[in-house]
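S.K.: Predicted model follows, preceded by the sequence.
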Amino acid sequence: MIFKYYQTKKLHFFLLFLLLLFSEWVIAARCLYISSYHKGYEWSDRIEQAIRDELKGKCELKQFDMDTKRNRSDTYIKKVALEAKILVETWQPDVVIVSDDNASRYVLKPYFKDHAIPFVFCGINWTVDAYGFPYKNSTGMVEVAPIVGLFDKVNSIIGKPDTAFFIGSNTLTDKKNLIRLEQEAINANIKLESGFANTMSEWLGFYQQAQNYDFVIMSNYFGIADWDPLLIQNKIKQLTEKLSVTNQRWMMPYVILGLTKIPEEQGEWAAKVALAILDGMKPSEIPIVANRKWELWINKEILNKTNIKIPRTLLKKAKKSCGLSL
């Protein structure tokens, strides 16, 4: 009995030693996160937080922000991409997570295609064709917006529309969004016009013009340097006559209806895949997927300034937004 006790005791100590050894190995692992954008941009912040929550205590996490939403010149982007490349080469992470298009376009594709270091991408809009994915060392989650679902909601509110106007900022992301919207608009037999704004004045001009169409699609305001949220809200309340919709949650203070993507889904998935890679899986063994989760929103503050009637079933399902309280 004494012998069995000591044997059991030794086994417990051995298992504890292995557990501590494994924990130290996991913590010693290095995870690098390269964001295309900047802190304060809601989409990036929420992806980052999901990544941090998932990786906390499981690897050493370092972050590099490319800040290419506010700095869009080719010279700047190539310079910051080279800085990210040098960081990867000098810090030698065990896995790299890259979010949104520019990190894949300017860092992963030119410098690390089929490299020994594994990469997980997320937040790439609509398609990975431009990057030639998959690579041997990469997998990821593509970001798609529920355009068909959004058009269905529009139909249920105003009937079958003939025309729509798209307003975006003058950025790569919004131009990609418009391409996909144009395809779906053709399928829905909707004539779609568009405007890309560099300034708040341009944006308001497009919004006023959009009131001549059956409904308005709003994509983003990031990249518009002089954006004034309160001024825009006040102007919208004065100008709005037609239904406005979005796929971006942070646009809800300025639109009536949103069917929005959830950035946390991108960050959580990317972090879990990074951990699976640290645990021995190869990126090539993990298929590229698209996001699957959406939220329905109604902004009653703007809605109540119009004669638009939202079906009761939609009102019951939707989360409510009001002003800048999101």
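M.R.: Okay, I see it. Numbers count the residues shown, from 1 in each chain.
S.K.: Keeping just the C-alphas, turn stretch 292-304 into PDB.
M.R.: Output in PDB follows, covering the C-alpha atoms of stretch 292-304 (Å, rounded to 0.1, in the frame of the first residue of the first chain):
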ATOM      1  CA  ARG A 292     -21.900  33.700 -40.900                       C
ATOM      2  CA  LYS A 293     -23.200  36.000 -38.100                       C
ATOM      3  CA  TRP A 294     -25.300  39.200 -38.500                       C
ATOM      4  CA  GLU A 295     -27.200  41.700 -36.300                       C
ATOM      5  CA  LEU A 296     -30.400  43.500 -37.200                       C
ATOM      6  CA  TRP A 297     -30.600  47.200 -36.100                       C
ATOM      7  CA  ILE A 298     -33.200  50.000 -36.300                       C
ATOM      8  CA  ASN A 299     -32.500  53.700 -35.600                       C
ATOM      9  CA  LYS A 300     -35.800  55.000 -34.400                       C
ATOM     10  CA  GLU A 301     -34.500  58.500 -33.900                       C
ATOM     11  CA  ILE A 302     -34.000  59.000 -37.700                       C
ATOM     12  CA  LEU A 303     -37.000  56.700 -38.600                       C
ATOM     13  CA  ASN A 304     -39.400  58.900 -36.600                       C
END
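S.K.: So what touches it?
M.R.: 146, 149, 153, 236-237, 240, 244, 249, 252-262, 265, 310, 314-315, 317-323 (CB atoms under 8 Å, 6 or more residues apart in numbering). Bear in mind the C-beta positions are built from the backbone N, C-alpha and C, glycine included.
S.K.: Return the subset of those lying in helices.
M.R.: Under the assignment DSSP state H, the contacts of stretch 292-304 contribute 149, 153, 236, 237, 265, 314, 315, 317 to helices.
S.K.: now, among those, which is nearest to residue 282?
M.R.: Top of the list for closeness to residue 282, among those and by CB to CB, is residue 265 at 23.2 Å.
S.K.: what about that closest one, neighbour count?
M.R.: When neighbours are counted by other CB atoms under 10 Å, residue 265 registers 19.
S.K.: wouldn't it be in contact with residue 289 here?
M.R.: No: the criterion here is CB atoms under 8 Å, and residue 265 misses it with residue 289 at 10.3 Å.
S.K.: Spit out the residues that contact the two alike.
M.R.: residue 141.
S.K.: quick check: domain ranges of the protein?
M.R.: 2-144+263-290, 147-261+294-321 (automatic domain parsing).
S.K.: still on that earlier bit, which members of the ones in helices among the contacts of stretch 292-304 are the farthest-apart pair?
M.R.: Maximum distance among those (CB to CB): 32.0 Å, for 237 and 265.
S.K.: any chance you could map the helices in the stretch 151-300 of the chain?
M.R.: 172-187, 200-210, 229-239, 263-278, 300-303 (DSSP state H, counting those that start in this stretch).
S.K.: Adding distance to residue 60, write these out as JSON lines.
M.R.: Output for the helices of the stretch 151-300 of the chain, formatted as JSON lines (distance: least, CB to CB, whole Å):
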{"stretch": "helix 172-187", "distance to residue 60": "30"}
{"stretch": "helix 200-210", "distance to residue 60": "41"}
{"stretch": "helix 229-239", "distance to residue 60": "37"}
{"stretch": "helix 263-278", "distance to residue 60": "11"}
{"stretch": "helix 300-303", "distance to residue 60": "45"}
